[in-house]
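Peer 1: just coords:
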């Protein structure tokens, strides 16, 4: 998959996660700096998220914990 932060859209990226990362540059930078396998684990986790607010909190947590999926 190998997602890159400068891509406008990737069909492999859940839209909710993409929007949430767009609201938090540090989380976006963190996510796109992860190895592909770690990005996939983040994406897999998003399938359990059921609201926009929960998705934003999850994206924000990426940088708060820093080691969540690396």
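Peer 2: That came through fine. All values derive from a computational prediction rather than experimental measurement. Numbers count the residues shown, from 1 in each chain.
Peer 1: tally of neighbours for residue 47?
Peer 2: Each residue near residue 47 was counted by other C-beta atoms under 10 Å, and the total is 8. (C-beta placed from N, C-alpha, C; glycine too.)
Peer 1: can you pull the pLDDT of it?
Peer 2: For residue 47, the pLDDT comes out at 92.
Peer 1: ok, the closest residue in space to it that isn't next to it in sequence - contacts?
Peer 2: Computed as C-beta to C-beta, 6 or more residues apart in numbering, the closest residue to residue 47 that is not its neighbour in sequence is residue 14, at 7.7 Å. Neighbouring residues of residue 14 by C-beta atoms under 8 Å, 6 or more residues apart in numbering: 43, 46-47.
Peer 1: need these in JSON lines with distance to residue 34 and secondary structure, can you?
Peer 2: As requested, these are exported to JSON lines (distance: C-beta to C-beta, whole Å; DSSP: H, G, I helix; E, B strand; the rest coil):
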{"residue": "43", "distance to residue 34": "10", "secondary structure": "helix"}
{"residue": "46", "distance to residue 34": "14", "secondary structure": "helix"}
{"residue": "47", "distance to residue 34": "17", "secondary structure": "coil"}
